[in-house]
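Chemist: curious how this folds, go ahead:
(chains A and B)
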Amino acid sequence: MLSRRVLEQTTGREVPLKFTWFNLMPWPHLPDDFREQHRSVWVDIPNTLYDPVRGHAVYHEYMDQLEYAETLGFDGIGVNEHHQNGYGLMPSPNIIAAGLARRTSRAAICVIGNSIALYNPPIRVAEEFAMLDVISGGRLVAGFPVGTPMDTNFCYGQIPALTRDKYREAHDLIMRAWAADEPFVFDGKYNQLRWVNLWPKPIQQPHPPVYIPGGGSVETYDFCLDHDYNYSYLSFGGYKAGKMLLDQYWERAASRGKDDSPYRAAFAQIIAVADTDAEAERLYAEHILYFYNRCLRVYPGFADPPGYRTVKTIREGTLTLLRRENQQLFQNVTWKDLVERGMVIAGSPETVRQRMEELIKTLRVGHVFCLLHNGNQPDEKTRHSTRLFAERVMPHLRGLWPEWAHDERWWIHPIENRLRPEETVGVQR
Amino acid sequence: MLDTRRGARVRVLEFGPDDGRPVLFLHGVAGLLDEHRFLDLLGERYRVLAPELPGYGDSTGEELLEDMLDFALHGWDVVEALGLAGGRPALIGHSMGGMIAAEMACLAPGALDKLVLVDAMGLWLDEHPIPDLFSFLPFEFGDMLFHDPESGTGLLTGGLDFSNDAVLREFFVANARRLGTAGKILFPVPNRRVSKRLYRATVDTRVVWGESDRLVPPAHADRWAALLPCASVARIAEAGHMVPYEQPAALAGEVTAFLG
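Modeler: Okay, the predicted model is just below:
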């Protein structure tokens, strides 16, 4: 039997394809000789390369961009969690999301997400996500990543072979806490709580849409399908490489008797739009290359500690991921490589539209996380690219899944009478 | 193969005469390599039993072992399954095996004849840190584990052909099982607080260390000896962390002199 929520969704309004404007928040001031001087952008990168005073401006610029994306009609704005690195400056994405929740009123706040195995107890995530959902009026998309090995194991000390077990327990605790109407006892292996009694609870019932970022673990496919969560494939290998993994996901969905709604899946893509293809290269190449050559310079020893991936994933995974020469996949790439291999979709609005359509159809995704700020790209260029995408690309792609146009199972359900930021200033309540 | 009461299946290598004095050898973080000269030499005098930890090689049931107490009780489960309970075996633990052996001794010091710790993990000294072996790349292990990295690397990989896809995949699976299991007691810092329990390990103990151990610095030997109630230290020249494989004769001589 369909839940009341699904019935409402299936009889509701049309739901076109969803675009979320994502900012990874990289540190834009890594030195030119970063690659020569340092083995890794993560874990043991010298923190003397960070300058808190410049950081003040960087945070505000990035948050302004996220707010700007809402004004252009993006459906969601996205943030995520990483630790001790120059790749993404959000050890606590909830702090950024709280700022965004106050300054926006329409876009989904996509926190993709909180690494739930890292919180002691993970009830903290249930609470903070509920706070975000309530403050935003029901606009939270709740992401639950296992977390990269760099973050989870090397920076936050979790035992690789037990990380997934701890993750699953944290998930069970959070979902139960959101659902329960009475205090309960949680006797877990990693968390023992005599009183679980959530205040506040989220607006969205039974819970905010749940997105699970994955990188090709078989267990993650099954976990998403079994719980009807969105599978978000986040990589920088681009859509051509991503097809192999999403094909496996859709095969898995079919074999588990699930429908093939494209809204079950999301894909992150680096995008850069200019008036012409040549102009795109001129404007954005150096910044996107900064991202690939500096922000993705991860020491391979930090990328895959034994025990983090399961034996099942190693056995079923593609062998190319195991080869040592491929551990430095993105090193010393050129603009031509990036564009030809689909790692970057860049060019005129028409070029970008065509390639985005190819991406959406070949991967069968209903959600695109648009990475329109990359590396050390200045604010002005980021806004230019973002505006062109919103005005001249996005409208042509929205209707690509007409047969699923009423499927809102993986999107937010805000309250109608939520407060707008302008109304919350000086209003007596 | 040996079944423990907990449900693990353990491969046990045996050396020496069946009626010899029982000596149990617990291997290190790298596992039992293909050559066993040290164990062969000990077998000339003792009945040597070398169980392979679940997660290593053919031994299974690693999912049953989650924390330090599980690992230590597993050690005693193996002693029992071998029929040695009450027979007061001598216990030799190398590297991670030394950490497990020390915990076993804290649990039941009277059940052991003697204890030998060889380049044991399990203590943390801020001034003598142990490098993060879980971030090592395959080619770095030889450098960290051996006095002579060149010959050591050959011992570690056993001459596998990594250009063969099936070999490569099996290597990754085996490595993930081995170090994934080891990580439960060694990650992120190889210290599960045995130091506060060592007062209980009243068994006669010899602490043996490779003089050029770059993984667990030789200063750790002195700390073990200070914490253990009845311990003395011996050092082996031209040996890194992998003493049993790099100086098997010198180590066997040292151990034999101590066990008598």
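Chemist: what about A:Tyr263, how many neighbours?
Modeler: A count of nearby residues for A:Tyr263, using other CB atoms under 10 Å in any protein chain shown, gives 21. Where C-beta positions appear, they are placed from N, C-alpha and C, glycine not excepted.
Chemist: could you grab the helix/strand/coil label for it?
Modeler: Put simply, A:Tyr263 is helix when judged by DSSP: H, G, I helix; E, B strand; the rest coil.
Chemist: now do the helices in chain B.
Modeler: B:37-43, B:68-81, B:96-107, B:138-145, B:149-157, B:165-186, B:219-227, B:243-246, B:248-259 (DSSP state H).
Chemist: right, and those helices - which one's nearest chain A?
Modeler: Smallest distance to chain A across the helices of chain B (CB to the nearest CB): 2.6 Å, for helix B:165-186.
Chemist: buried residues, that closest one. List them.
Modeler: Going by neighbour count (16 or more other CB atoms under 10 Å in any protein chain shown), the buried part of helix B:165-186 is B:168, B:171-174, B:176-186.
Chemist: and it, what does it pack against?
Modeler: Packing contacts for helix B:165-186, counted by 3 or more CB pairs under 8 Å, 6 or more residues apart in numbering or on different chains; DSSP states H and E, involve helix A:160-179, helix A:311-316, helix B:68-81, helix B:96-107.
Chemist: residue ranges of the strands in chain A, please?
Modeler: Secondary structure of chain A (DSSP state E): strands at A:18-22, A:76-79, A:108-111, A:140-143, A:184-187, A:192-196, A:210-214, A:230-233, A:265-273, A:344-347, A:367-371.
Chemist: and these as CSV, adding mean neighbour count, distance to chain B and mean pLDDT?
Modeler: Putting these into CSV (neighbours: other CB atoms under 10 Å in any protein chain shown; distance: least, CB to the nearest CB, whole Å; pLDDT from 0 to 100) gives the following:
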stretch, mean neighbour count, distance to chain B, mean pLDDT
strand A:18-22, 26, 29, 98
strand A:76-79, 28, 27, 98
strand A:108-111, 28, 26, 98
strand A:140-143, 29, 25, 98
strand A:184-187, 12, 16, 98
strand A:192-196, 12, 15, 98
strand A:210-214, 23, 18, 95
strand A:230-233, 24, 22, 96
strand A:265-273, 27, 27, 97
strand A:344-347, 26, 29, 97
strand A:367-371, 25, 28, 97
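Chemist: tabulate those (TSV), appending distance to B:Glu62.
Modeler: Shown next, in TSV, are the strands of chain A (distance: least, CB to CB, whole Å):
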stretch	distance to B:Glu62
strand A:18-22	38
strand A:76-79	37
strand A:108-111	35
strand A:140-143	31
strand A:184-187	24
strand A:192-196	25
strand A:210-214	25
strand A:230-233	29
strand A:265-273	34
strand A:344-347	42
strand A:367-371	37
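Chemist: pull the number of nearby residues for B:Ala226.
Modeler: 11.
Chemist: what parts of the stretch 101-250 of chain B come near chain A?
Modeler: B:132, B:134-138, B:140, B:165, B:168-169, B:172-173, B:175-181, B:183-184, B:187-189 (CB under 8 Å from any CB of the partner chain).
Chemist: what's the end-to-end length of stretch B:205-220?
Modeler: Using CA to CA, to the nearest Å, the end-to-end distance of stretch B:205-220 comes to 15 Å.
Chemist: and that stretch, what's buried?
Modeler: Those buried within stretch B:205-220 under the rule 16+ other CB under 10 Å are B:205-210, B:212-218, B:220.
Chemist: how about stretch A:43-63?
Modeler: Across stretch A:43-63, burial judged by 16+ other CB under 10 Å covers A:43-45, A:58, A:61-63.
Chemist: again, but for stretch A:285-295
Modeler: Those would be A:285, A:287-295, for stretch A:285-295 by 16+ other CB under 10 Å.
Chemist: related to what we said a few turns ago, lowest average confidence across the helices of chain B, which one?
Modeler: Per-segment mean pLDDT for those reaches its minimum on helix B:149-157, at a mean of 83.
Chemist: chain center to that one, what's the gap?
Modeler: Distance of helix B:149-157 from the chain centroid (CA atoms, centre = their mean, to the nearest Å) equals 18 Å.
Chemist: what parts of chain A come near chain B?
Modeler: So chain A meets chain B at A:43, A:153-154, A:157, A:159-162, A:189, A:299-302, A:305-309, A:311, A:314-315, A:319, A:322-324 (CB under 8 Å from any CB).
Chemist: write a PyMOL command that selects only the buried members of these.
Modeler: Here is the PyMOL command that selects the buried residues among the residues of chain A next to chain B (16+ other CB under 10 Å):
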select buried, chain A and resi 43+153+154+159+160+161+162+299+301+302+305+306+307+308+309+314+322
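Chemist: show me where the stretch 301-429 of chain A has its helices.
Modeler: Using DSSP state H, counting those that start in this stretch, the helices of the stretch 301-429 of chain A run over A:311-316, A:335-340, A:349-363, A:379-388, A:394-397.
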